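Asker: sequence unknown, structure follows:
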């Protein structure tokens with residue numbers, strides 16, 4: 001069965017698109033305080049020069065908390081997790097994962113960014129888009145929303161991807177990093193929420 005799941009993942013279509021959250025690629029609990037609006041990828045350079053980093057931007061729609069009174073507009077302890085697969089130059093895929101926990105989000109929009117360093121992009125000849133991605137949103141440890149790339153639409157492909165991430169990504173921990181651990185920690189101050197910093 002495990003071999004079949006891996007085969008289904010590897011044979012999935014390669015297309016990768018930037019998408020707004022939809023029923024086929026994003027799932028949100030009915031009463032979710034936070035949902036994923038879009039997931040976008042681009043190549044950015046520090047100070048406008050040097051080698052390019054892969055920037056993943058997860059745009060969130062924040063509805064507000066479930067309580068009343070002055071705290072109704074805020075959602076505390078929101079964890080955003082990103083898992084990626086990139087095609088290796090030779091064969092197979094390389095898997096990465098990262099997460100960040102946000103202090104508090106006010107109702108409206110917010111953007112959470114992750115960065116993959118240029119050495120990986122150059123070594124594996126990665127262009128703007130990874131092969132596949134999965135975003136998980138949790139509030140105080142409770143999963144409220146997910147968003148996945150089109151290649152993971154089928155339940156079998158999604159489960160195969162999760163299994164491969166669990167097996168292979170721990171060896172790459174610390175390579176895909178949240179914004180505050182990257183050279184771009186001071187960029188985009190207008191829509192970047194404060195993170196709870198967990199130093200290794």
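Answerer: Okay, I see it. If you're wondering where the values come from, they're calculated on a predicted model, not measured in any experiment.

Asker: tell me what the longest helix seen in the chain is packed against?
Answerer: Among the segments of the chain that qualify as a helix by DSSP state H, the longest is helix 155-168. Counting by 3 or more C-beta pairs under 8 Å, 6 or more residues apart in numbering; DSSP states H and E, the packing neighbours recorded for helix 155-168 are helix 2-10, strand 74-87, strand 93-106, strand 132-139. In short, each C-beta sits where N, CA and C put it, glycine included.

Asker: which parts of it are buried?
Answerer: Neighbour-count burial for helix 155-168, counted by 16 or more other C-beta atoms under 10 Å, picks out 157-158, 160-162, 164-165, 168.

Asker: nearest to residue 112, of the helices and strands packed on helix 155-168?
Answerer: Closest approach to residue 112 among the helices and strands packed on helix 155-168 is made by strand 74-87 (4.6 Å; C-beta to C-beta).

Asker: show me which positions of that closest one end up buried.
Answerer: So for strand 74-87, counting by 16+ other C-beta under 10 Å, buried means 74-75, 78-87.

Asker: got it, and stretch 172-189?
Answerer: 172, 175-179, 181-184.

Asker: quick one: end-to-end distance for it.
Answerer: 28 Å (C-alpha to C-alpha, to the nearest Å).

Asker: swap in stretch 108-122?
Answerer: 37 Å.

Asker: what helix or strand does residue 89 sit in?
Answerer: In this structure, residue 89 is located outside every helix and strand according to DSSP states H and E.

Asker: residues touching it, list them.
Answerer: Residue 89 makes contacts with 123-125, as judged by C-beta atoms under 8 Å, 6 or more residues apart in numbering.

Asker: look up how far residue 130 lies from it.
Answerer: For residue 89, the distance to residue 130 equals 14 Å [C-beta to C-beta, to the nearest Å].
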